[in-house]
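J.: Provide a 3D model corresponding to the input given below.
(chains A, B, C and D)
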There are 2 protein chains.
Amino acid sequence: MREVADLAGVAMSSVSRVLSGHPDVSPAMRQRVMAAVDSLGYQPDLLAQSLRRRETLSVGFVVSDISNPLQSQIALGAETALRAKGYSMLLTNSENEPALDTSHIRLFQQRRVDGLLLSLAAEDDPQTLALLGAIETPIVLIDRELRGDAGTRASAVLSDHRSGMRDAVGHLLDLGHRRIGMILGQPMRFSRERLGGLKDAYKARGVAPAYSVVEGQLEARHGRAATQKLLDAAEPPTALVAGGNQLLNGALEEIQQRGLQLGADLSLVSCDEISLTQLYQPPIAVVRRDIRALGRRAAELLLSQLEAQEEDDEGRMRVTRDPEVVLLPTEFVARPSCAAPPRAAAE
Amino acid sequence: MREVADLAGVAMSSVSRVLSGHPDVSPAMRQRVMAAVDSLGYQPDLLAQSLRRRETLSVGFVVSDISNPLQSQIALGAETALRAKGYSMLLTNSENEPALDTSHIRLFQQRRVDGLLLSLAAEDDPQTLALLGAIETPIVLIDRELRGDAGTRASAVLSDHRSGMRDAVGHLLDLGHRRIGMILGQPMRFSRERLGGLKDAYKARGVAPAYSVVEGQLEARHGRAATQKLLDAAEPPTALVAGGNQLLNGALEEIQQRGLQLGADLSLVSCDEISLTQLYQPPIAVVRRDIRALGRRAAELLLSQLEAQEEDDEGRMRVTRDPEVVLLPTEFVARPSCAAPPRAAAE
DNA sequence: AGATACCCTGGAAACGTTCCCGGGACCGAT
DNA sequence: ATCGGTCCCGGGAACGTTTCCAGGGTATCT
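T.: Numbers count the residues shown, from 1 in each chain, chains lettered A, B, ... in the order given. Predicted coordinates for the structure are as follows:
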């Protein structure tokens, strides 16, 4: 920048003014400076800018596993929205370990990110909650619900899993199923809501609650083990609900292993659309949602918080807008993987 | 940091020395400083550190679309390896537009990233090539091959698509197929190599090259359109090769639409394992590779370049190690989606 | 005892910006 | 001609670190 100033024969402050679009700058000055900038191919150093301006135009995204199609679609949606406003995204994988969550959040703090997008590994980790409660930067939770300070201070985008699942289980009950097996992941909001939707459906139809639920990790191995356990029960369910694409993979493995025919022998509903659910034969019914929109909305919430920041007397940035929580819809899509239960099992 | 120094009653330079593990520091001093640090909960500002040290401990990752399972697995592998060495990853999606590639690279330059991981949208975009040729930071290309300066200056991790595809097509030829249709994406290295593998196989078996190839974008729509075109030919192929998971999705749509039975009516090979290929009925043969390793190796190459940097007389960092290119293996996995061609078509 | 060497510490410049503040030039009004 | 105001511009402090340099203290050697 000094080179530019020297070449143009002006002060560095003038160069800065021209480049940052300050109003107090004459056309002649602008021209001179821009000429020098072009001829030197000068590009301002964002690092120094950030240091001085006290904002980095960057946000941290903590994700448990970016290779999960769910998370990567969220990341895409979020990054695109953030980039449109000039923000960059720092990405980190916490490998489903809450301890990594906190250490990454701390790291992002040191990097002075302007905001945080969190898809946490756990909702009830005390360390994480304590850290988040003490943090002043804007936070948006993605499909997570936190207790205490951390929860009230943060914005959130949530999917309305309950309503989609209510329709899904309602559909199964209407087809004549009575015993439904549900495979869930970690005890987090999405699991609770899905279970809630299932209960709602039984209740709404006045059917005796003959469902069974297996909780575990959100991974294929658990999907398979849970399927095994459910189908080996004395009175096995006639329909299965897999609460996530990894669980679906495991469930399908076991179903194929047993030579069961989807629809005819066993009905199946999964959560979240992937290519597999559409192209499988028979196609698999899903509770669907716009995942990319989840990321986009999360970014928008964060941006709105960032726009509403003001410096207080101590020079720190304080958010002036209250955190928001938005609920995004889910939709049940019936497909041939759901059919009436086999005669024998239906009684 | 000044607060820490004041509380401990020492100079800021001493605090800095303690925290950065400088050797010239007495045990007493270390103790005093650490006590002050703990009591204040002080965390150093990485921004200021980066500015002063002239390194940011961050790398930029330019990806065309993170929601693609391929790219997200690469990202996971890379991020994990980078994080282990203290580096953070900035992620950006270029939406398959070379213009965005260059603008993101420029942005990363301004952010002073220490290195660049590139999965470019195009291999021959002049703007991108010019920019990369003029850049001094270490670069690792991911499954891309560049001409000119940019190419020689950059490291790269490449997959050996050719050998896997050679085996795949060899398998099809051995089953009796003669007319094979290949669906490819953009004209980049992976497409060229796959085509090369196909030709190799025909040549090795001395079979007349009766294959046909359709190039296009790496997306489902093209996969479907290409399948349509190939199957509508006067002498349609008896086996199809889809060069990527998006293309596979499109191809399967069309195949199902026509009511064709994989294996019996038409053989199919895809590239890169996804849950669909394993769980589809019949399972789909693939040319497989360890995608996460691709990301990991890319990060390792970059790290090795970063370690080999030294400051020259003008204060700029210069890499002292020559760029490396590593070739990672692929492996053909035969599955029931490949079978002998139907009698009628076999002549 | 004096000199030499070594270890540790404090002061200050620097990294590349931004932005406040003071001042010169110019205009119009008195 | 003087004054008040507006418009631009340059100087310099600051953001939070690191690192060079010089100097003070202690130990070692002659």
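
J.: what does chain A have sitting close to DNA strand D?
T.: Listed as neighbours of DNA strand D in chain A under the rule C-beta under 7 Å from any atom of the strand: A:9-14, A:23-26, A:28-29, A:48, A:51-52, A:54. Just so you know, the C-beta spots here come from the backbone N, C-alpha and C atoms, and that holds for glycine as well.

J.: same thing but at 10 Å, please
T.: Remark: the part of chain A in contact with DNA strand D comprises A:5, A:8-18, A:22-33, A:47-54, A:110, A:112, A:315-316, using C-beta under 10 Å from any atom of the strand.

J.: buried subset of those as a ChimeraX selection?
T.: In ChimeraX, this line selects whichever of these come out buried by 16 or more other C-beta atoms under 10 Å in any protein chain shown:
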select /A:5,8,10,14,15,16,17,18,25,29,32,33,47,49,50,51,112
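
J.: so A:Leu117 is in which element?
T.: Using DSSP states H and E, A:Leu117 sits within strand A:115-118.

J.: quick one, phi psi at the residue nearest in space to the middle of chain A?
T.: Central residue of chain A (C-alpha atoms, centre = their mean): A:Ile142, 4.1 Å from the mean position. Backbone dihedrals for A:Ile142, given as degrees, to the nearest 10, come out at phi -110, psi 110.

J.: now A:Met89, what's its secondary structure?
T.: Classification of A:Met89 using DSSP: H, G, I helix; E, B strand; the rest coil returns strand.

J.: how close does it get to A:Thr56?
T.: Distance of A:Met89 to A:Thr56, given as C-beta to C-beta, to the nearest Å: 12 Å.

J.: and the residue of chain A closest to chain B?
T.: Of all residues in chain A, A:Ser72 sits closest to chain B, at 3.8 Å by C-beta to the nearest C-beta.

J.: please confirm that that residue is located within a helix.
T.: Yes - according to three-state DSSP, A:Ser72 belongs to a helix.

J.: could you report the neighbour count for it?
T.: Residues within reach of A:Ser72, counting by other C-beta atoms under 10 Å in any protein chain shown, total 27.

J.: what's the closest non-adjacent residue to it?
T.: Nearest residue to A:Ser72, sequence neighbours excluded (C-beta to C-beta, 6 or more residues apart in numbering or on different chains): B:Ser72, at 3.8 Å.

J.: in terms of contact, does that neighbour touch A:Gln73 like I think?
T.: No - if you go by C-beta atoms under 8 Å, B:Ser72 and A:Gln73 don't touch, sitting 9.1 Å apart.

J.: ignoring the adjacent residues along the chain, who's closest to the residue nearest to the centre of chain A?
T.: Among residues not flanking A:Ile142 along the chain, A:Ser119 sits closest, at 4.4 Å (C-beta to C-beta, 6+ apart).

J.: need phi/psi at the one you found.
T.: phi -120, psi 80.

J.: for A:Cys271, give its distance to B:Arg258.
T.: Where B:Arg258 is concerned, A:Cys271 sits at a distance of 30 Å (C-beta to C-beta).

J.: between the two, who's got more neighbours?
T.: Higher neighbour count among A:Cys271 and B:Arg258: A:Cys271, with 28 against 12, using other C-beta under 10 Å.

J.: which pLDDT does the model give the more buried one?
T.: For A:Cys271, the pLDDT comes out at 98.

J.: closest residue of the stretch 101-250 of chain A to DNA strand C?
T.: A:Arg112 (13.1 Å; C-beta to the nearest atom of the strand).

J.: what's the helix or strand for that residue?
T.: A:Arg112 belongs to no helix or strand, assigned by DSSP H and E.

J.: my guess is it meets A:Leu47, correct?
T.: No - A:Arg112 is not in contact with A:Leu47 according to C-beta under 8 Å; the separation is 10.5 Å.

J.: shared neighbours of these two, anything?
T.: Both A:Arg112 and A:Leu47 are contacted by B:Leu47, under the criterion C-beta atoms under 8 Å, 6 or more residues apart in numbering or on different chains.

J.: can you pull the buried residues of the next helix or strand after the strand holding A:Leu117?
T.: Downstream of strand A:115-118, the first helix or strand assigned by DSSP H and E is helix A:126-133. For helix A:126-133, a neighbour-count test (16+ other C-beta under 10 Å) marks A:128-129, A:131-132 as buried.

J.: with just CA atoms, put helix A:126-133 into PDB.
T.: Extracted in PDB, the C-alpha atoms of helix A:126-133 (Å, rounded to 0.1, in the frame of the first residue of the first chain):
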ATOM      1  CA  PRO A 126     -21.700 -29.300  29.800                       C
ATOM      2  CA  GLN A 127     -18.400 -28.000  28.400                       C
ATOM      3  CA  THR A 128     -20.000 -26.900  25.200                       C
ATOM      4  CA  LEU A 129     -22.900 -25.400  27.000                       C
ATOM      5  CA  ALA A 130     -20.700 -23.500  29.300                       C
ATOM      6  CA  LEU A 131     -18.500 -22.200  26.500                       C
ATOM      7  CA  LEU A 132     -21.400 -21.100  24.400                       C
ATOM      8  CA  GLY A 133     -23.000 -19.400  27.300                       C
END
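
J.: how about it, does it reach chain B?
T.: No - using C-beta under 8 Å from any C-beta of the partner chain, helix A:126-133 never reaches chain B; the gap is at least 11.3 Å.

J.: from A:Glu97, how far off is the residue nearest to the centre of chain A?
T.: A:Ile142 is 17 Å from A:Glu97, by C-beta to C-beta.

J.: same check on A:Pro236?
T.: Distance from A:Pro236 to A:Glu97, by C-beta to C-beta: 34 Å.

J.: cool, and A:Thr227?
T.: A:Thr227 is 26 Å from A:Glu97, by C-beta to C-beta.

J.: okay, those two: which has more neighbours?
T.: Neighbour count, other C-beta under 10 Å: between A:Thr227 and A:Glu97, A:Thr227 has more, with 29 against 14.

J.: phi, psi for that one please.
T.: Dihedral angles of A:Thr227 (phi, psi; degrees, to the nearest 10) stand at phi -60, psi -50.

J.: for it, give me its contacts.
T.: A:181, A:183, A:240, A:250-251, A:254-255.

J.: quick one: the residue nearest to A:Ile142 and A:Ser64 touch, right?
T.: Yes - checked against C-beta under 8 Å, the pair A:Ser119 and A:Ser64 is within contact range at 6.2 Å.

J.: common neighbours of these two, please.
T.: A:Gln71.

J.: who has more neighbours out of the two?
T.: Neighbours around A:Ser119 and A:Ser64, counted as other C-beta under 10 Å, are more numerous at A:Ser119. The numbers are 26 against 21.

J.: ok, the more buried one to A:Asp125 distance?
T.: For A:Ser119 relative to A:Asp125 (C-beta to C-beta), the value is 14 Å.

J.: which residue ranges form the helices in the stretch 51-200 of chain A?
T.: Under the criterion DSSP state H, counting those that start in this stretch, helices of the stretch 51-200 of chain A are mapped to A:69-84, A:98-110, A:126-133, A:148-153, A:161-175, A:189-204.
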